[in-house]
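Visitor: I'll drop the sequence and a predicted model, then ask my questions.
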Amino acid sequence: MRVGKVVDALPDTRLGRHIAGQLVRCGTAGPPNYDEARAAESHNDFVHKLGIVFKELRESRVWLLMILEGELLPSTDSKI
C-alpha cells in the first residue's frame, strides 16, 4: 500500500511522527469504509457512508500536501 510507504519514509521527528500517525489513520480508512458503504442498507445509508469515505480522502490530501510543503520526504527516494 503506497500510503504506508510514505508514512514509513517520514522522518523520525516530532512532526514526522505526528503526521505519520494522522496519515496512517485517514489514509487507510477509505477502502474499508467504501466496502462498508457498498453493503449499505438504504440509499441514505450509502450516501452517508460514502460521505465518510470522501472525508477521509480529503483529510489524507491535506496531510500529503503538508508533507510536500514541509519537504519532509527525501527527494531522491524512488521507493515511494
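Guide: That came through, no problem. Numbering: from 1, shown residues only.

Visitor: What confidence value was assigned to the spatially most central residue of the chain?
Guide: By CA atoms, centre = their mean, the mean C-alpha position of the chain lies nearest to G27, the distance being 1.8 Å. Per-residue confidence (pLDDT) for G27: 97.

Visitor: what does R14 give?
Guide: For R14, the predicted pLDDT is 97.

Visitor: do the same with S75
Guide: Residue-level pLDDT assigned to S75 equals 79.

Visitor: Could you tell me which residues within stretch 44-56 count as buried?
Guide: By 16 or more other CB atoms under 10 Å, the buried positions in stretch 44-56 come out as 49-50, 53, 56. Heads up, the C-betas are built off the backbone N, CA and C, glycines and all.

Visitor: Repeat that for stretch 66-77.
Guide: 67, 72-73.

Visitor: Give me the contact list for it.
Guide: Here stretch 66-77 makes contact (CB atoms under 8 Å, 6 or more residues apart in numbering) with 6, 9-11, 15-16, 19, 23, 80.
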